[in-house]
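Enquirer: The following block contains a protein sequence and its predicted model.
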Amino acid sequence: MERRRKIIIRVCIILALLNALVWYFVFTESPHALSVSFLNVGQGDAIFIEAPNGSQVLIDGGPANGAVLRELAKVMPIYDRYIDVVIATHPDADHIGGLNEVFKRFQIGLLLESGLSKDTGIFLAEEKTITENKIKHINARRGMKLDLGGGAVLTILFPDRDLPSTVDANDGSITALLSYKKETFLFTGDAPQKIEKYLVALDGKNLDIDVLKAGHHGSKTSTSDIFLRATTPVYTIISAGENNRYGHPHADTLARLRTASTTVLRTDELGTITFKTDGKERILEYK
């Protein structure tokens, strides 16, 4: 009996210590830098942004393979069940497939969509979950600015209008620019070269950035020479699955990136790639 009582006391002490430790991290954790993680979700896209004040944005959720929840667990505190903004760049399965589980697991402040739809099981299931969970959602349009706090701002560059249902999903990909002091990141979804050229015509030198998320997983249909000359990225991230059946990234794209003298980082080689910056200097981490 005495032994059992001692075991119970020890268990209670351990639980109390664990509880105190959790709340210690809750109250002492104080983000003071911008963090941008290109998540290793296989053949797809998922990008997690945490602003200096702790506000969070998830751009896409990768395919429906459970990877996005696994990778989010690496970059989010275990107690955190809220994401301020989710952006679904377009309705292809390798970008929204994992979002359904995200919507079920996390409370979402706002969902931004391209306005395009797809008659697929994955898209319809996602729309059902959005309705059931009463997630606020609007279409992203050029000129919208999201003040993430702490000096970080996310600006929507494309689409610049409501798109007809006949438009290819890739052509309607949401393109967004993240700026924080002197650091800039450009997220392009699966935008093809014709949209890249359109953005260059619209924004010109304002597209000069530090980090580029290569369009369409390094496909030859994206990341054109004209776009690279306008953006001049120091780093280019390619989000693709290891030994994927599409052959991404394409040899032509890699050749263009070499010509552009940008440092290429790939999730299929490095895993999740995280940039942390105070707006002046940046630290790279791989998980």
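Expert: Cool, the structure landed. Residues are numbered from 1 along each chain as shown.
Enquirer: Make sure Ala93 is actually in contact with Ala64.
Expert: Yes: using C-beta atoms under 8 Å, Ala93 is in contact with Ala64, at 6.9 Å. Bear in mind the C-beta positions are built from the backbone N, C-alpha and C, glycine included.
Enquirer: Quick check: neighbours shared by the two?
Expert: When C-beta atoms under 8 Å, 6 or more residues apart in numbering defines a contact, the residues bordering Ala93 and Ala64 alike are Ile122.
Enquirer: Comparing the two, which residue is more hemmed in?
Expert: It is Ala64, of Ala93 and Ala64, that has more neighbours when counted by other C-beta atoms under 10 Å, with 20 against 17.
Enquirer: what about that one, which SS state?
Expert: Look at Ala64: counting by DSSP: H, G, I helix; E, B strand; the rest coil, its state is coil.
Enquirer: How about it: what's its closest non-neighbour residue?
Expert: Nearest residue to Ala64 in three dimensions, chain neighbours excluded: Gly97, at 3.5 Å (C-beta to C-beta, 6 or more residues apart in numbering).
Enquirer: So for the one you found, what's the pLDDT?
Expert: Gly97 carries a pLDDT value of 97.
Enquirer: for it, what are its contacts?
Expert: Taking C-beta under 8 Å, 6+ apart, one finds 44, 61-65, 122 in contact with Gly97.
Enquirer: rerun that using 6 Å as the cut-off
Expert: The neighbourhood of Gly97, defined by C-beta atoms under 6 Å, 6 or more residues apart in numbering, consists of 63-64, 122.
Enquirer: Quick check: it vs Ala152, distance?
Expert: 27 Å (C-beta to C-beta, to the nearest Å).
Enquirer: For Ser179, list each beta-bridge partner.
Expert: Val153, Thr184 (DSSP bridges).
Enquirer: what's around Asn170, how many residues?
Expert: Counted with other C-beta under 10 Å, Asn170 comes out at 21.
Enquirer: Need the phi and psi values for the nearest residue to it once chain neighbours are set aside.
Expert: Computed as C-beta to C-beta, 6+ apart, the closest residue to Asn170 that is not its neighbour in sequence is Asp190, at 4.1 Å. With angles defined as degrees, to the nearest 10, Asp190 sits at phi -110, psi 30.
Enquirer: go on, Ala140?
Expert: According to degrees, to the nearest 10, Ala140 has phi -80, psi 140.
Enquirer: Check for me that His216 belongs to a strand.
Expert: No: His216 is assigned helix when assessed by three-state DSSP, not a strand.
Enquirer: What is the neighbour count of it?
Expert: Neighbours of His216 (other C-beta under 10 Å): 28.
Enquirer: gap between it and Gly189?
Expert: Separation of His216 from Gly189 (C-beta to C-beta): 8 Å.
Enquirer: Ok, Ala201 next?
Expert: 19 Å.
Enquirer: The two: which has the busier surroundings?
Expert: Shown here are Ala201 and Gly189; by other C-beta under 10 Å, Gly189 has more neighbours (27 against 10).
Enquirer: List the buried residues for stretch 123-141?
Expert: For stretch 123-141, the neighbour count (16 or more other C-beta atoms under 10 Å) marks 123, 125-127, 129-130, 135, 140-141 as buried.
Enquirer: which pair in the residues you listed spans the largest distance?
Expert: Ala125 and Arg141 (25.6 Å; C-beta to C-beta).
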